[in-house]
Every structure is written in C-alpha cells, then in structure tokens.
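Q: Generate a structure from the sequence data that follows.
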Amino acid sequence: MARTPVLTLLVASLAACSSAPPTASRPPPSPPAAASPAASPPPSADAKAVDPASIQALKEMGAYLQTLKQFEVFIELSGERVLADGEKLQHTATSDLDVLRPNKLRAQMRSARSQRDLMYDGKTVTMYYPDQKYYSQADFSENLGALVDRLRARYGVELPSADLFMWGTSAAPTDNIESALYAGQDIIGGDVCDHYAFRQGQIDWQIWIATGGKPLPRKLVITNRADEARPQSVTHYKWNLHPKFKESAFAFSPPAGAKKAEFVPLKTQPSQQNGKSQPQ
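A: Below is the predicted model of the structure:
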C-alpha cells in the first residue's frame with residue numbers, strides 16, 4: 001500500500017468543509033513523547049538537524065493514539081487562501097468525531113459553506129448532506145485506517161484529521177522528516193504541552209502534545225513553504241476519552257424526505273493502473 005502523506009489529508013479535509021481552504025502540499029508524521037523541562041530552550045540553530053527525542057515523541061504519541069478504543073474529538077480548523085495580490089483570507093470549519101475502534105465512526109463536518117455527516121457502522125459507509133437532504137452509501141468492512149484511504153482514493157472524500165487514524169502506523173513514516181526539534185512548552189486548552197517542529201519537503205509543521213501519561217495532540221500548525229506567502233492551516237483538538245454512545249449511533253437511518261444518490265467513484269488515473277500508485 002502506498003504511504004499516504006497524512007498532513008496533506010488534514011489540510012484537504014478543511015478544503016472539503018470550506019470553499020476556500022489552505023494551500024498545503026505534502027508530508028506525513030507520527031507521534032510524541034515526554035518532553036523537556038518547564039523552561040523553553042531556543043530552537044536549534046541547525047535547521048537540518050533531526051532531534052531523535054522529537055522523533056521519539058511523535059512515535060509515542062502515535063502509539064498512544066492507536067491504543068484508544070473509544071473516543072470523541074472536537075476539531076476546529078482554520079486555513080488561509082492567498083489572493084493574487086498576496087492578501088490572505090482565512091476560513092474556518094469544525095468537525096466532531098465519535099470513534100469506536102476498529103470499524104465504527106460518526107463525523108459531523110460543518111462550515112458556513114457546507115454541512116456533511118459521515119457514518120460507518122462496520123458494514124456500510126454513508127455520506128449525508130443535511131442541507132440538500134440526500135445521501136450516498138457504499139459497502140465496506142475494513143478498519144478505520146483502511147476506510148480513510150478508500151474514501152480518499154476511490155471517492156475523493158477527505159475525512160477531517162485523517163492523520164489521527166494513521167499516526168503510529170506505517171502510513172505515517174518518520175524516515176522522511178528532514179528537520180525535527182523541540183521548541184519548549186506552551187499551554188493549549190488548559191493543558192501543558194510539549195511543542196515540536198518538523199520539516200518535510202515544502203511543508204513545515206508544528207505539533208503540541210499534552211505532557212503526562214496521555215500524550216494527545218492538542219494543536220497542529222502546517223505552513224506551506226512552496227508558496228512565498230507561507231499560508232498556514234491551524235487545527236485545535238478537544239478530547240473526550242470517556243464518551244457515552246452506543247453502537248447504534250453509527251448506523252444511518254434516512255430522515256423523512258431524504259433521497260439516495262449514487263456514490264460516484266473517481267476516474268482511474270493512468271498511473272494507478274497495473275497496481276501502481278500515483279506519486280505523492
């Protein structure tokens with residue numbers, strides 16, 4: 001399976017919720033670990049250095065995320081669109097994810113421009129558009145990581161913060177990280193967090209990971225260096241590790257008046273034929 005640049009998916013998920021999202025290009029990450037002292041040391045002068053402790057922190061964060069069997073996470077996203085004259089416009093969206101591993105998900109995605117609900121009960125994945133009152137369905141029976149990849153590759157549907165299901169797996173490698181450093185500590189949403197910064201290709205990204213025994217990502221910032229305007233996307237995560245929902249919450253029952261529409265697959269690209277994947 002091709003290794004997906006998961007940060008690209010996160011940026012694209014904002015595009016799906018807003019008509020004018022950030023313009024990010026590509027990269028992937030993995031998870032966190034314990035950080036340093038309360039004092040915030042200045043970043044290393046060597047921008048190309050890869051700090052092993054920062055890489056280990058990513059791995060530990062990813063490993064922890066993979067242990068979570070049930071959780072809810074509320075996501076606030078913002079992204080910048082750069083006009084021809086260099087002026088930046090910021091757009092926002094939110095998502096609320098209910099997760100029951102290995103194969104149940106409910107996602108509510110909202111912005112001023114779009115409303116979408118995605119439900120997966122382990123047998124059928126449904127996309128519902130409340131404004132238009134129509135829905136599409138497809139049979140599926142694999143885990144959430146495979147679902148993320150299938151929705152993107154076959155239908156062009158981006159799940160918000162898909163990286164949450166990929167960190168800690170082979171889909172979020174760390175061997176292509178060109179620069180990694182520890183940038184001190186900050187308080188995000190009332191939690192003390194370790195702040196890390198990474199560089200991959202034309203993307204710089206920063207992540208804030210809660211300290212202590214629950215290394216959850218609390219904030220993610222992605223900067224596109226391919227654009228001289230350096231547009232950014234910013235994501236905040238608010239976690240509930242003890243949600244109360246039943247398995248029936250992931251099944252879709254069409255509301256009165258809702259109409260079914262076909263899930264239309266993307267056209268197969270030439271480079272995807274003969275088992276070859278499209279370059280990232």
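
Q: Give the buried residues for stretch 122-142.
A: Counting neighbours by 16 or more other C-beta atoms under 10 Å, one finds that the buried residues in stretch 122-142 are 122, 125-128, 135-138, 140. C-beta: built from backbone N, CA, C; applies to glycine.

Q: How about stretch 70-81?
A: Those would be 71-73, 75, 77-81, for stretch 70-81 by 16+ other C-beta under 10 Å.

Q: Check stretch 254-264 too.
A: Buried, per 16+ other C-beta under 10 Å, within stretch 254-264: 258, 263.

Q: Quick one: the buried residues of stretch 122-142 as a markdown table, columns for secondary structure too.
A: Putting those into a markdown table (DSSP: H, G, I helix; E, B strand; the rest coil) gives the following:
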| residue | secondary structure |
| --- | --- |
| 122 | coil |
| 125 | strand |
| 126 | strand |
| 127 | strand |
| 128 | strand |
| 135 | strand |
| 136 | strand |
| 137 | strand |
| 138 | strand |
| 140 | coil |
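
Q: Now pLDDT too, for the residues you listed, in JSON lines please.
A: As requested, the buried residues of stretch 122-142 are exported to JSON lines (pLDDT from 0 to 100):
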{"residue": "122", "pLDDT": "96"}
{"residue": "125", "pLDDT": "96"}
{"residue": "126", "pLDDT": "97"}
{"residue": "127", "pLDDT": "96"}
{"residue": "128", "pLDDT": "97"}
{"residue": "135", "pLDDT": "97"}
{"residue": "136", "pLDDT": "96"}
{"residue": "137", "pLDDT": "96"}
{"residue": "138", "pLDDT": "94"}
{"residue": "140", "pLDDT": "94"}
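
Q: which residues in the stretch 101-250 of the chain form helices?
A: Ranges of helices in the stretch 101-250 of the chain, per DSSP state H, counting those that start in this stretch, are 144-150.

Q: where does it dip in pLDDT?
A: Filtered on pLDDT under 70, the stretch 101-250 of the chain yields no residues whatsoever.

Q: can you pull out the strands in it?
A: 104-110, 115-120, 124-129, 134-139, 179-188, 191-200, 203-210, 217-224, 232-240 (DSSP state E, counting those that start in this stretch).

Q: would you list those in a markdown table and tack on distance to residue 159?
A: Converted to a markdown table, the strands of the stretch 101-250 of the chain look like this (distance: least, C-beta to C-beta, whole Å):
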| stretch | distance to residue 159 |
| --- | --- |
| strand 104-110 | 6 |
| strand 115-120 | 7 |
| strand 124-129 | 10 |
| strand 134-139 | 14 |
| strand 179-188 | 23 |
| strand 191-200 | 21 |
| strand 203-210 | 18 |
| strand 217-224 | 15 |
| strand 232-240 | 13 |
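
Q: These: which one's closest to residue 167?
A: strand 217-224 (7.8 Å; C-beta to C-beta).

Q: what angle sits between the closest one and strand 203-210?
A: Angle, strand 217-224 to strand 203-210, by axes from the mean of the first three to the mean of the last three C-alpha atoms, to 10 degrees: 170 degrees.

Q: So which bits of strand 217-224 are buried?
A: Neighbour-count burial for strand 217-224 [16+ other C-beta under 10 Å]: 217-220, 222-224.

Q: do stretch 237-257 as well
A: For stretch 237-257, by 16+ other C-beta under 10 Å, it's 237, 239, 250-252.

Q: Can you tell me which of the buried residues of stretch 122-142 is nearest residue 115?
A: Using C-beta to C-beta, residue 128 is the member of these that sits closest to residue 115, with 9.1 Å.

Q: From residue 207, how far off is residue 197?
A: 8 Å (C-beta to C-beta, to the nearest Å).

Q: scratch that, residue 239 is what I was asking about
A: For residue 239, the distance to residue 207 (C-beta to C-beta) stands at 14 Å.

Q: Which helix or which strand is home to residue 61?
A: Residue 61 is part of helix 52-67 when elements are defined by DSSP states H and E.

Q: what helices or strands is that helix leaning on?
A: Applying 3 or more C-beta pairs under 8 Å, 6 or more residues apart in numbering; DSSP states H and E, we find helix 52-67 packed against strand 179-188, strand 191-200, strand 203-210.
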